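# Provided below are the primary sequence and the corresponding predicted coordinates.
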Amino acid sequence: MTAMTLAKAINSSLRTAMESDPKVLVMGEDVGKLGGVFRVTDGLQKDFGEERVIDTPLAESGIVGTAIGLALRGYRPVVEIQFDGFVFPAYDQIVTQLAKMHARALGKVKVPVVIRIPYGGGIGAVEHHSESPEALFAHVAGLKVISPATPSDAYWMLQQAIECDDPVIFFEPKRRYWDKGEVDTAAVPAPLHRALVAREGTDLTLAAYGPMVKVCLEAATAAEEEGRSLEVVDLRSISPVDFDTLQASVEKTRRLVVVHEAPVFFGSGAEIASRITERCFYHLEAPVLRVGGFHSPYPPARVEEEYLPGLDRVLDAVDRALAF
């Protein structure tokens with residue numbers, strides 16, 4: 001077991017993948033000499049060379065298009081999009097090409113591309129640097145969408161994504177980059193798309209992924225002081241969602257609050273709430289509630305703490321669910 005930050009865990013995961021498979025490449029803006037704006041790829045170009053850790057032009061559509069071509073020729077490119085809001089010039093390539101090629105070729109063509117996207121707020125950044133666009137990708141058939149909440153999951157889930165023959169959108173919660181946790185590099189990881197119970201409880205289930213898992217764990221600790229037992233489910237995967245694990249939790253606690261940083265309106269929480277209501281209708285003792293961002297463009301940094309779902313908003317939803 002080694003203590004690592006989430007950023008270091010991703011770096012170590014990329015290093016391990018590149019050492020074990022010479023077809024794994026890293027591409028993106030400033031990923032080489034600089035080591036990325038968050039230093040996540042620090043040292044990789046020095047150790048693996050400029051042909052495997054490639055500094056690209058500032059052109060996201062070109063980066064993803066090049067990665068698709070490399071994947072078709074047998075490589076396993078790992079693309080870094082520098083910030084969440086920069087992915088949209090590449091959205092056309094991702095949705096109309098990357099997501100559809102396997103089906104269009106009747107399964108004969110594989111496109112093993114991983115697109116790493118630092119996402120979410122909480123770092124006091126400027127416009128287009130703090131968005132949570134995961135629902136836009138989860139809606140697209142042909143893409144797998146995942147988000148780790150811990151250094152251990154970041155380490156293992158990225159390697160599993162690289163080994164996957166399908167395109168994977170790997171959302172990295174950037175404000176958790178510096179959070180530390182234990183990583184067992186000799187462990188047997190859970191299946192890539194399986195949700196995990198991060199904390200056992202009996203009164204209500206909190207479901208979250210990525211940056212909001214820590215907030216939900218803090219909410220469960222705070223609620224415990226008032227005699228309430230909250231279960232926290234780390235979904236880990238946004239598409240597909242492990243509804244079986246979540247259903248088992250909700251059948252036990254009989255209440256569910258879904259938490260994500262993205263706007264609530266048409267967010268991933270809406271699909272989760274709908275599916276769990278369909279599956280658990282006769283077990284639920286309260287409506288499934290959602291906590292998330294507001295339906296507005298991400299605000300300036302000085303007021304982002306008012307926008308982001310925090311402890312108070314999560315606990316308020318818990319109170320409302322338990323009041324039924």
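Good, I have the coordinates.

# Kindly point out the strands partnered with the one helix or strand G181 maps to and how each is oriented relative to it.
Secondary structure from DSSP states H and E places G181 in strand 180-183. According to DSSP bridges, strand 180-183 forms sheet pairs with strand 2-5 (antiparallel).

# what comes into contact with the partner strand?
The set of residues external to strand 2-5 that reach it, using C-beta atoms under 8 Å, 6 or more residues apart in numbering, is S12, P151, Y155, Y177, W178, D179, K180, G181, E182, V183, D184, T185. From N, CA and C alone the C-beta is placed, and that goes for glycine too.

# could you give the mean pLDDT of that strand?
Averaged across strand 2-5, pLDDT comes to 96.

# buried stuff in it?
M4, T5 (16 or more other C-beta atoms under 10 Å).

# dump the residue contacts of P263.
Counting by C-beta under 8 Å, 6+ apart, P263 touches S132, G292, G293, F294, H295, S296.

# Go again with 7 Å.
Neighbouring residues of P263 by C-beta atoms under 7 Å, 6 or more residues apart in numbering: G292, G293, F294, H295.

# Now, those residues that are in strands?
Applying DSSP state E to the contacts of P263, the entries found in strands are G292, G293.

# where's A187, which helix or strand?
A187 belongs to no helix or strand, assigned by DSSP H and E.

# Neighbours of it, how many?
Neighbour count for A187, taken as other C-beta atoms under 10 Å: 11.

# among the contacts of strand 2-5, which ones are buried?
Buried among these (16+ other C-beta under 10 Å): S12, P151, Y155, Y177, D179, G181, V183.

# and the third one, that's in a helix?
Read that as Y155. Yes: under DSSP: H, G, I helix; E, B strand; the rest coil, Y155 falls within a helix.

# Give me the nearest residue to it, chain neighbours excluded.
Closest residue to Y155 apart from its sequence neighbours, by C-beta to C-beta, 6 or more residues apart in numbering: A9 at 4.1 Å.

# didn't the one you found look like it was pressed against D184?
No: the criterion here is C-beta atoms under 7 Å, and A9 misses it with D184 at 11.1 Å.

# re the thing from before, which of the contacts of strand 2-5 sits closest to A208?
D179 (14.7 Å; C-beta to C-beta).

# The closest residue to that closest one other than its chain neighbours: how many residues sit nearby?
Of all residues not flanking D179 in the chain, L6 sits nearest, at 5.6 Å (C-beta to C-beta, 6+ apart). Neighbour count of L6, defined by other C-beta under 10 Å: 27.

# Next: L70.
Using other C-beta under 10 Å, L70 has 20 neighbouring residues.

# now the strands for this structure?
Going by DSSP E, the chain shows strands at 2-5, 24-28, 53-55, 76-80, 114-119, 144-146, 168-173, 180-183, 196-199, 204-208, 230-234, 237-239, 256-263, 289-293.

# Could you report the distance from the residue most central in space within the chain to D84?
The chain has S147 as the residue nearest its centroid, 1.7 Å off, counting by C-alpha atoms, centre = their mean. Per C-beta to C-beta, to the nearest Å, S147 is found 11 Å from D84.

# worst-scoring helix or strand of this structure, pLDDT-wise?
helix 304-307 (a mean of 94; mean pLDDT, DSSP states H and E).

# Which of the residues in that one are classified as buried?
Quick answer for helix 304-307 (16+ other C-beta under 10 Å): E304, Y307.

# contacting residues for S61?
S61 sits next to P89, A90, D92, Q93 when contact means C-beta under 7 Å, 6+ apart.

# do you know how far it is from Y91?
9 Å.

# Repeat that for S12.
Distance, S12 to Y91, by C-beta to C-beta: 30 Å.

# Out of the strands of the chain, which is the most enclosed?
Mean neighbours per residue, mean count of other C-beta atoms under 10 Å, is largest over the strands of the chain for strand 204-208, with a mean of 29.

# Give me the longest helix you can find in this structure.
The helix spanning the most residues in the chain, taking DSSP state H as the definition, is helix 6-20.

# List the buried residues of it.
So, applying 16+ other C-beta under 10 Å, buried residues of helix 6-20: 6-18.

# ok, back up a step: reformat the strands of the chain as TSV; add distance to S274.
Formatted as TSV, those follow (distance: least, C-beta to C-beta, whole Å):
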stretch	distance to S274
strand 2-5	36
strand 24-28	36
strand 53-55	42
strand 76-80	32
strand 114-119	23
strand 144-146	18
strand 168-173	22
strand 180-183	32
strand 196-199	22
strand 204-208	13
strand 230-234	17
strand 237-239	15
strand 256-263	11
strand 289-293	11
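
# Spatially nearest residue to M157, not counting backbone neighbours?
In space, and not counting its chain neighbours, M157 is closest to P148: 5.0 Å by C-beta to C-beta, 6+ apart.
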